[in-house]
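[1] sequence and predicted structure are below.
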Amino acid sequence: MSRVFNFSAGPATLPLPVLEEVQAALLDHEGTGMSVMEISHRSDTFIEIAEQAEADLRSLLKISDEYGVLFLQGGATLQFSMVPLNLLDDRHSADYVNTGSWSQKAIKEAENFAEINVVASANNCIPKVQDWKLGKNSAYLHICSNETIGGVQFSEYPEVEAPLVADMSSDILSRPIDVNKFGVIYAGAQKNFGPAGLAVVIIRKELLGKARPETPSMLNYTLHKNADSMLNTPPVFAWYISGLVFKWLKQEGGLEEIGKRNVRKAKKLYDLIDSSDFYKSGVKLEDRSMMNVTFTLLNQKLERDFLKTAQEYGLFNLKGHRSVGGIRASIYNAMSEKAIDALVGYMVDFERENA
Ligand code: PMP
């Protein structure tokens, strides 16, 4: 077996012990003689898997009983519509902060349902909260906590009156956060905690029950909550693997430890970038992402070579998003420090040979 260091932005690398556990149980899950993919979502075996996953997620993020946790399909993208459909209530407008591509996609979808007030815009930094132009009667304020494409991340969250809604697709579970600051947190699984096909929604219970009357059942948070996220057949395998990742995160020391590790990992890369005249970060220092390290080569003609030679070092999927180009190292929870050291070593070698 030869696994490479996979810096993909998502679907992204998963912890090896989790993959090994999945492999070992693939044909026969705990003596049932069946794979998790083959058992009923209503069976005691799966209900136990689902409940344990929720309990572990709650314990990792210290989610109180004031919040419901949903495991849904449709990725984070469906949340761009579900949020306004469920939270607008009798209001007509919502506030959005635009910090890059994913904020813009969320805004575009929400515009189908409401008047969207963009309170501030930037794409290489987080605009200062004191400059935000908040609406007077907005149902909620939406942020993207980590822009996966630009590599821009909120280091702290704003205190606002309206419920704060965060797309945490690319930084959920990467550090401790205070869930109580949020009305809704949502995230697709395929970066920090599982395979694609699943999204987690954490919602303050007092925000339930406000969906517009025309909201389809499958888009209604309250109906999902009342059905324990089993309004229809859920993505059982993705849910199961996510549960294993939650267990792995707890074994690794929980979010305090993971957070420290993630800062250490990102710092190694940014330190190298900042100390060189060969690589360059386009993101303001204090708003740089700990998850998606984006940078360019000063001589952009060398980028193709950089990506190609990287593969000889076992370093894959470092190409920046097609909309912005450059290089992007996505270094989510499951990315080891060994992989970071390999990347740093390669970057030093490449600079030495090409500067
Ligand atoms: N939000 C962010 C911040 C993302 O990075 C992504 C996926 N790259 C999405 C939303 C969309 O997620 P999905 O593909 O699960 O719909």
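    Received, thanks.
[2] near the ligand, which residues of this protein?
    Gly10, Gly75, Ala76, Thr77, Trp102, Cys144, Thr148, Asp167, Ser169, Ser170, Gly188 (Cβ under 6 Å from any ligand atom). In short, each C-beta sits where N, CA and C put it, glycine included.
[3] residue ranges of the strands in this protein, please?
    For the chain, the strands defined by DSSP state E cover 5-6, 67-72, 93-98, 115-121, 138-144, 146-147, 152-153, 164-167, 184-188, 199-204, 279-280, 292-297, 315-316, 327-330.
[4] name every strand pairing with the second one and say which way it goes.
    Strand 67-72 sits in its sheet next to strand 199-204 (antiparallel), going by DSSP bridges.
[5] give me whichever of the strands of the chain is most buried.
    strand 146-147 (a mean of 28; mean count of other Cβ atoms under 10 Å).
[6] now do that one: everything it contacts.
    Strand 146-147 is contacted by residues 99-103, 123, 152-154, 168-171, 289, 291-292 when judged by Cβ atoms under 8 Å, 6 or more residues apart in numbering.
[7] could you work out the end-to-end span of stretch 28-38 for me?
    10 Å (Cα to Cα, to the nearest Å).
[8] hmm, I was thinking of stretch 95-109
    Taking Cα to Cα as the measure, stretch 95-109 stretches 13 Å from start to finish.
[9] quick one: it to chain centroid distance?
    Relative to its parent chain, stretch 95-109 has a centroid offset of 15 Å by Cα atoms, centre = their mean, to the nearest Å.
[10] contacts for it, please.
    Under Cβ under 8 Å, 6+ apart, the answer for stretch 95-109 is 77, 80-81, 83-84, 110, 116-123, 125-127, 132, 134-135, 138, 140-144, 147-150, 152, 162, 167, 169, 321, 323.
[11] buried residues in it?
    95-104, 106-107, 109 (16 or more other Cβ atoms under 10 Å).
[12] got the domain boundaries for the protein?
    Using automatic domain parsing, the domain parsing of the chain gives 17-251, 253-354.
[13] thought Met347 was touching Tyr270?
    No. Look at Met347 against Tyr270 with Cβ atoms under 8 Å: they stay out of range, at 11.6 Å.
[14] the two: which has the busier surroundings?
    Taking other Cβ atoms under 10 Å, Met347 and Tyr270 do not tie; Met347 has more neighbours (24 against 18).
[15] show the contacting residues for that one.
    So Met347 contacts Leu272, Tyr279 (Cβ under 8 Å, 6+ apart).
[16] any idea of the pLDDT on Ser2?
    At Ser2 the predicted local confidence, pLDDT, stands at 85.
[17] tally of neighbours for it?
    By other Cβ under 10 Å, 4 other residues sit near Ser2.
[18] same question, Thr233
    10.
[19] distance of the closest residue to it other than its chain neighbours from Ile47?
    Nearest non-adjacent residue to Thr233, counting by Cβ to Cβ, 6 or more residues apart in numbering: His41, 5.7 Å away. His41 sits 8 Å away from Ile47, going by Cβ to Cβ, to the nearest Å.
[20] Asp95 too?
    Applying Cβ to Cβ, the value for Asp95 to Ile47 is 39 Å.
[21] returning to that earlier point: farthest-apart pair in the buried residues of stretch 95-109, please.
    Asp95 and Ser101 (18.8 Å; Cβ to Cβ).
[22] related to what we said a few turns ago, what's the most buried one of the domains of the chain?
    Of the domains of the chain, domain 17-251 is the most buried (mean count of other Cβ under 10 Å), at a mean of 19.
[23] helices of the stretch 251-355 of the chain, start to end?
    254-275, 303-312, 337-354 (DSSP state H, counting those that start in this stretch).
[24] okay, those in CSV with mean pLDDT next?
    Shown next, in CSV, are the helices of the stretch 251-355 of the chain (pLDDT from 0 to 100):
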stretch, mean pLDDT
helix 254-275, 98
helix 303-312, 97
helix 337-354, 98
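[25] including distance to Ile177, could those go into CSV?
    As requested, the helices of the stretch 251-355 of the chain are exported to CSV (distance: least, Cβ to Cβ, whole Å):
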stretch, distance to Ile177
helix 254-275, 8
helix 303-312, 32
helix 337-354, 22
